[in-house]
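Engineer: Give me a model of this one.
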Amino acid sequence: MSGRKQFDIDAALDQAMRVFWQRGYADASLDALGSATGLGRGSLYGAFGNKDALFGKCLDRYASIYGAQYEQALAAHPGDPVRAVEAFFDVILGRIADPSVPVGCLIAQSAAQSLTLKEENSVHVRGLLDLQRQRVHAALADSSADSRTLDELATFVVAVNQSLAVLSRAGASDAELRSVTRLACTTVADTLARAPSEDVTQN
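Structural biologist: Now for the predicted structure:
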């Protein structure tokens, strides 16, 4: 049909996402993006706007794919926040070990390059990290721990997640990464066990 785009937009977006994931925003040139997607600059701009707009769409694509997996893992063990965190880390380690996707994490990669991003995308990355923290916080809230402890633990779990991405890009083995998550889960369990309950802090 006249006017119909002659390419699969979702497939092109997935390929662009991989370029940003592998190279980071700064080193993802338009030539590299065009080569990966099979699109010329005119088609890239026509379909996605400029590089910054394309990057924002790739962040959303990444977050929708893996965010759904994180939510499912964190919600799979109601009443057992430590097991929920273990399941969350299992999803992350599975992604890291998957040979079909780039090493590391697009959000971690982007957070490390925040100073090179336009303000709107820098805010976007921070928002995705905060969304991840909110998901973890909701799973931890199945415990009776006070709100301050929950806030601190949610931030801690997200920080461990980001460190796993960095370590994996540096060549850390699966065994090394699993030792990190094992110690992190022990820390979560011990902290929840020692934390004052919300009822106590409110009285």
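Engineer: alpha carbons only for contacts and neighbour counts from here, please
Structural biologist: Fine.
Engineer: So for the helix or strand containing Tyr70, what gets flagged as buried?
Structural biologist: According to DSSP states H and E, Tyr70 maps onto helix 51-75. Buried residues in helix 51-75, counted by 16 or more other Cα atoms under 10 Å: 51, 54-63, 67, 70-71, 73-75.
Engineer: ok, now which ones touch the most centrally placed residue in the chain?
Structural biologist: The structure's the chain has its C-alpha centroid closest to Ile107; by Cα atoms, centre = their mean the separation is 5.0 Å. Taking Cα atoms under 8 Å, 6 or more residues apart in numbering as the criterion, Ile107 is in contact with Leu59, Val125, Leu128, Leu129.
Engineer: Check which element follows the one helix or strand it maps to along the chain.
Structural biologist: Following DSSP H and E, one finds Ile107 within helix 106-112. Sequence order places helix 119-140 as the next helix or strand after helix 106-112, per DSSP H and E.
Engineer: Just the residues contacting that next one, thanks.
Structural biologist: Contacts for helix 119-140 (Cα under 8 Å, 6+ apart): 52, 55-56, 59, 63, 67, 71, 74-75, 78, 81-82, 84-85, 107, 110-111, 114-115, 150-151, 153-155, 157-158.
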